[in-house]
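>>> Okay, here's the prediction I keep looking at, along with the sequence it came from:
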Amino acid sequence: MHLLARRVGRLESDVREQQDRDERQEARGAVSAVVLAASLLIAVGLAGDFVSQFVNLVLVLLVVLVPWTAINLIDFYLVHRGNYALDDLFLPDGGRYGRFNPVALVSYAIGIAVQLPFVATSLCTGPLVAPLGGADLSWLVGLAVTTPAYYLWARNRGEAAPASAQRNAPREPATSA
């Protein structure tokens, strides 16, 4: 009898969990429908100028994403060579990596700043766009400046993982002398 009561209780619990899942799926569906409707209204509202607005959005995204991508790729492949202590990334103090990387942040700011004179959008047109025939070469300049700047600065600061570090090895506890 006790076993039957436990199974019935478990069955009721499973049914409640399924109902909760169904409610969450319905909520996600409703939110998705609202976002889709809002996007559709915006697209229809900008239909006459949608393509140029979309191109402007992509160009602005390039300004912020190109330096970020360059820093991430250089850090992974050339500075740390894929050797990260993943457990350290989740420590409150950032472990051996710290809470933030000042070299990466300054390189990122430099990467964005050097692109601004080359940006060609309806929102902002840099002073060097006209001599270039109106071409937006900002992302090339950002890539060409950010990549070597971050690599040389990070390498000279000794941020590379030690050669003896094993992939994803946990940080060893410090010993007091």
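Good, I have the coordinates.
>>> what residue lies at the spatial centre of the chain?
Within the chain, the residue whose C-alpha comes closest to the C-alpha centroid is Trp68; the distance, by C-alpha atoms, centre = their mean, is 7.8 Å.
>>> Run through the residues that contact it.
Listed by C-beta atoms under 8 Å, 6 or more residues apart in numbering, the contact set of Trp68 reads Tyr108. Where you see a C-beta, it was placed from the backbone N, CA and C, and this is true even at glycine.
>>> Could you tell me the model confidence score at it?
The predicted local distance difference test score for Trp68 is 96.
>>> which SS class is it?
On the three-state scheme (DSSP: H, G, I helix; E, B strand; the rest coil), Trp68 is labelled helix.
>>> Could you check how far it is from Leu62?
With distances defined as C-beta to C-beta, to the nearest Å, the gap from Trp68 to Leu62 amounts to 11 Å.
>>> Check which helix or strand the residue lying closest to Val114 once chain neighbours are set aside maps to.
Nearest non-adjacent residue to Val114, counting by C-beta to C-beta, 6 or more residues apart in numbering: Val145, 4.7 Å away. Secondary structure here is read from DSSP states H and E; on that basis Val145 sits in helix 138-156.
>>> Only alpha carbons, please: show that helix as CSV.
The C-alpha atoms that make up helix 138-156 are tabulated as CSV, following Å, rounded to 0.1, in the frame of the first residue of the first chain:
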residue,chain,number,x,y,z
SER,A,138,36.8,51.1,-40.8
TRP,A,139,36.7,47.3,-40.1
LEU,A,140,40.0,46.7,-42.0
VAL,A,141,41.7,49.5,-40.1
GLY,A,142,40.3,48.2,-36.8
LEU,A,143,41.5,44.7,-37.6
ALA,A,144,44.9,45.9,-38.8
VAL,A,145,45.5,48.0,-35.7
THR,A,146,43.9,45.9,-32.9
THR,A,147,45.4,42.6,-33.9
PRO,A,148,49.1,43.5,-33.6
ALA,A,149,48.6,46.0,-30.8
TYR,A,150,46.9,43.4,-28.5
TYR,A,151,49.3,40.6,-29.5
LEU,A,152,52.5,42.6,-28.9
TRP,A,153,51.2,44.2,-25.7
ALA,A,154,49.9,40.9,-24.2
ARG,A,155,53.0,39.0,-25.2
ASN,A,156,55.3,41.6,-23.7
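>>> where exactly do the helices run in the protein?
Per DSSP state H, the chain has helices spanning 2-45, 50-74, 86-89, 102-115, 138-156. These are given in chain order.
>>> how about TSV for those, with distance to Ala130 added?
Rendered in TSV, the data for these read as follows (distance: least, C-beta to C-beta, whole Å):
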stretch	distance to Ala130
helix 2-45	32
helix 50-74	16
helix 86-89	45
helix 102-115	16
helix 138-156	14
